[in-house]
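Undergrad: when you get a sec, could you give me coordinates for this:
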Amino acid sequence: MKKNLANVFTSLRLIGALVLIFIPACSLGFLILYAFCGLTDALDGWAARKFHTESEFGKKLDSVSDLTLYGIMLIKVWPLLEEALPKLGLYTIMGLILFRLLLYIFFFLWKRRFLSTHSLYNKAVSILMFLLPFALRLPYAGLYCYLVMVIGALSLIDEVSRFFI
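TA: Take a look at the predicted model:
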């Protein structure tokens with residue numbers, strides 16, 4: 001059981017992300033399942049390190065699960081972002097997402113593996129992005145979104161500097 005625990009957590013995140021498609025964005029049920037997905041994201045890495053079961057398959061499954069969750073979140077949360085932000089903010093988010101996707105694709109084609117940095121900026125963006133659906137229920141959701149954009153831009157600059165400079 002220990003051998004597959006990390007992949008079980010990752011698979012649960014993937015299934016949970018797919019179920020989120022059918023639940024209204026930012027409803028209580030959505031937020032509970034979304035929090036569960038976040039918990040499994042933390043637990044899969046912990047289990048892999050704790051039981052020394054890191055594998056290439058696990059890393060790829062983790063990346064697929066993360067991208068699936070992010071993609072579904074983008075689809076579900078985008079209408080709420082349109083309410084919280086002016087057009088310039090939406091274009092900034094689109095630019096950051098597009099740049100990150102292009103960076104992933106370029107790095108995969110160049111190095112034949114997924115780009116994976118674990119910098120302080122990346123951790124901060126991950127936490128802030130994870131909290132976004134909860135923050136969108138607050139009165140100052142727009143300000144929170146701008147904070148995420150600034151940290152996201154710093155994270156991209158950091159990644160580019162690590163790999164290309």
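Undergrad: and the residue lying closest to Tyr34 once chain neighbours are set aside, how many neighbours?
TA: Nearest non-adjacent residue to Tyr34, counting by Cβ to Cβ, 6 or more residues apart in numbering: Pro133, 5.9 Å away. For glycine as for every other residue, the C-beta is placed from the backbone atoms N, C-alpha and C. Per other Cβ atoms under 10 Å, the neighbour tally for Pro133 reads 20.
Undergrad: list the contacts of the helix or strand where Pro133 lies.
TA: Using DSSP states H and E, Pro133 maps to helix 120-135. For helix 120-135, contacts defined as Cβ atoms under 8 Å, 6 or more residues apart in numbering pick out 25-26, 30-31, 34, 38, 70, 73, 77, 80, 141, 144-145, 147-148, 151-152, 154-155, 158-159.
Undergrad: buried subset of the residues you listed?
TA: The neighbour-count criterion (16 or more other Cβ atoms under 10 Å) marks 25-26, 30, 34, 38, 73, 77, 80, 141, 144-145, 148, 151-152, 154-155, 158-159 among the contacts of helix 120-135 as buried.
Undergrad: ok, back up a step: the helix or strand just after the helix holding Pro133 versus helix 120-135: what angle between them?
TA: Per DSSP H and E, the first helix or strand lying C-terminal to helix 120-135 is helix 141-164. Between helix 141-164 and helix 120-135, the angle comes out at 160 degrees (axes from the mean of the first three to the mean of the last three Cα atoms, to 10 degrees).
Undergrad: show me what helix 141-164 is packed up against.
TA: Contacts defined by 3 or more Cβ pairs under 8 Å, 6 or more residues apart in numbering; DSSP states H and E place helix 141-164 against helix 56-84, helix 87-111, helix 120-135.
Undergrad: just want the angle from the second one to helix 141-164.
TA: This points to helix 87-111. 20 degrees.
Undergrad: show residues contacting the least confident helix or strand in the chain by mean pLDDT.
TA: Taking mean pLDDT, DSSP states H and E as the measure, helix 87-111 is the helix or strand of the chain with the lowest mean score, a mean of 82. With contact meaning Cβ under 8 Å, 6+ apart, helix 87-111 is reached by 74, 81-82, 85, 113-115, 142, 145-146, 149, 152-153, 156, 159-160, 163.
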